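# Following is a predicted model, sequence given first.
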Amino acid sequence: MTAKNNLTIIQLDDWHVHVRDAGVLAGVVNFTARQFGRAIIMPNLAPPITSAAAARDYRARILAAVDAKYDFTPLMTCYLTDNIDQGEIETGFMGGVFTACKLYPAGATTNSDHGVTDIGKITNVLETMQRIGMPLLVHGEVTDGDIDIFDREAVFIDRIMSKITRDFPGLKIVFEHITTKQAVDFVKESSANIAATITPHHLVYNRSAIFEGGIRPHLYCLPIAKREVHRLALRAAATSGSAKFFLGTDSAPHSIDAKQSACGCAGVFNAPFALESYACVFDQENALDKLEGFASLHGPDFYGLEPNKRKIVLERADIDVPKTLDIMGTKIIPFHGGEKLNWRFAGLV
Ligand code: NCD
Ligand code: ZN
């Protein structure tokens, strides 16, 4: 059988992305808008998005920053805090401002200081969300200092995630940017209202790569990449055809200075070549026929939305990923910077 050289699939969506705000927003968001129809916008700004009014304003800033030639819809999320008002969430969801709520355990990652300190504090919120069918997006890591960083996701499943799914059996949950075999198994064994997103970087490298020949700060993100056995489980899940797994890049840009520091920030800026990166993985796994489901169908299906109307074309061709990008005057190193990828985004039809 000859290898496929062209691929036309329904336009994809990104179910987890950080586009940031003033200063870099216009530079960052257009990398997403040129390929993706919609994206779930993360609310971890400083201060975080915790009201419908703030989400409406942020959405307006995003739309103003998107190039007029793109047809892109940002889907807004509400950042859960210990004191968040469930009425605000319900009104925001019913009014079409919020698509979902984001749960950051306090201290788990970038700008999560205002996150939830104890899941018991948001019982009323979770009950409301379950009742109105609003998805909960979970950063699934415990934050206890005595839990090894590589174990934080697995421990979160045992201590928190299993409790949420037991106490709120009808709640729609996306276990975000999963990094372990335990998370893959948990999602597979759970009911249909539990799904997961998988990033390109967690499909491409394991934890050893972060230390290959020296420390590589641009591969540092949270949750941190795990052992090879986990990467292989993620690749199997993403390419399995299961509707429980879908695309979420977790593209999270930070300036070179913020990454290359004595205490560097977590986040991989993959939006510029995310689609190409996923295509290479699916090709390597002989699963290009499963890419459309993962990238364009399973996500809308979970969120109760129609798939996009347009199609995107990919072709087998070498592309050189720039080593550095200048985003509105801020230098950022993209994922795969300085490497070659062998699938190219050829446009929308
Ligand atoms: C994200 C960021 O920089 O906002 N960083 C990351 O490593 N993924 C936050 C997050 O999603 O954890
Ligand atoms: Zn994220």
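That came through fine. Ligands and ions are numbered 1, 2, ... in the order given.

# confidence score at Ser112?
Ser112 is assigned 87 on the pLDDT scale.

# My assumption is that it lies in a strand; please confirm.
No - counting by DSSP: H, G, I helix; E, B strand; the rest coil, Ser112 is not part of a strand but coil.

# need the contact list for Leu126.
Applying CB atoms under 8 Å, 6 or more residues apart in numbering, we find Leu126 in contact with Leu136, Ile164, Asp167, Phe168, Leu171. C-beta here means a position set from N, CA and C on the backbone, and glycine is covered the same way.

# Quickly list what Leu7 is bridged to.
On the basis of DSSP bridges, Leu7 is bridged to Leu314.

# Count the neighbours of Asn124 for me.
Neighbourhood size, Asn124 [other CB atoms under 10 Å]: 13.

# before we move on, what SS does it have?
Per three-state DSSP, Asn124 ends up helix.

# Restricted to buried residues, select the contacts of Leu126 in ChimeraX.
Here is the ChimeraX command that picks out the buried ones among the contacts of Leu126, judged by 16 or more other CB atoms under 10 Å:
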select :136,164,168,171
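
# Near ligand 1, which residues of this protein? Just list them.
For the chain, the residues in contact with ligand 1 (CB under 6 Å from any ligand atom) are His18, Asn44, Thr109, Thr110, His139, Cys221, Leu222, Asp250, Ala252, Ala266, Gly267.

# got the buried residues for stretch 341-349?
Leu341, Trp343, Arg344, Phe345.

# Kindly reformat these as a markdown table and extend each row with secondary structure.
Output for those, formatted as a markdown table (three-state DSSP):
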| residue | secondary structure |
| --- | --- |
| Leu341 | strand |
| Trp343 | strand |
| Arg344 | strand |
| Phe345 | strand |
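
# which one of those residues sits closest to ligand 1?
Distance to ligand 1, by CB to the nearest ligand atom, is smallest for Leu341 among the buried residues of stretch 341-349, at 21.3 Å.

# what about the closest residue to that closest one other than its chain neighbours, which helix or strand?
What sits nearest to Leu341 in space, not counting adjacent residues and going by CB to CB, 6 or more residues apart in numbering, is Glu276, at 4.7 Å. Counting by DSSP states H and E, the element that carries Glu276 is helix 274-284.

# Contacts only, for the residue nearest to Val229 when sequence neighbours are not counted.
Leaving aside its chain neighbours, Val229 sits nearest to Lys181 (6.2 Å; criterion: CB to CB, 6+ apart). For Lys181, the contact set (CB under 8 Å, 6+ apart) comprises Val229, His230, Ala233.

# Sketch out the strands for the protein, chain order is fine.
6-10, 14-17, 38-41, 73-79, 98-103, 136-138, 173-175, 194-198, 245-247, 311-320, 325-327, 330-332, 340-348 (DSSP state E).

# just how off-centre is the second one within its chain?
This points to strand 14-17. Relative to its parent chain, strand 14-17 has a centroid offset of 4 Å by CA atoms, centre = their mean, to the nearest Å.

# Stretch 301-318 too?
16 Å.

# ends of it, how far apart?
Start-to-end span of stretch 301-318 (CA to CA, to the nearest Å) is 33 Å.

# What of stretch 148-167?
First-to-last residue span, stretch 148-167, CA to CA: 27 Å.

# buried residues in it?
Neighbour count says stretch 148-167 has Phe150, Arg152, Glu153, Ala154, Val155, Phe156, Ile157, Ile160, Met161, Ile164, Thr165 buried, by 16+ other CB under 10 Å.

# can you list the strands of the chain in CSV and add mean pLDDT?
What follows is the strands of the chain, written out as CSV (pLDDT from 0 to 100):
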stretch, mean pLDDT
strand 6-10, 97
strand 14-17, 98
strand 38-41, 98
strand 73-79, 98
strand 98-103, 98
strand 136-138, 98
strand 173-175, 98
strand 194-198, 99
strand 245-247, 98
strand 311-320, 98
strand 325-327, 97
strand 330-332, 97
strand 340-348, 97
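
# In TSV: those, plus distance to Ala287.
Formatted as TSV, those follow (distance: least, CB to CB, whole Å):
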stretch	distance to Ala287
strand 6-10	12
strand 14-17	19
strand 38-41	24
strand 73-79	27
strand 98-103	28
strand 136-138	26
strand 173-175	21
strand 194-198	13
strand 245-247	12
strand 311-320	14
strand 325-327	29
strand 330-332	30
strand 340-348	13
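
# still on that earlier bit, could you tell me which of the residues of the chain next to ligand 1 belong to helices?
Of the residues of the chain next to ligand 1, none are assigned to helices by DSSP state H.

# Pull out the buried residues from stretch 104-112.
Tyr104, Pro105, Ala108, Thr109, Thr110, Asn111, Ser112.

# brain fart, stretch 273-293
Buried residues in stretch 273-293, defined by neighbour count with 16+ other CB under 10 Å: 273-283, 285, 287-288, 290-293.
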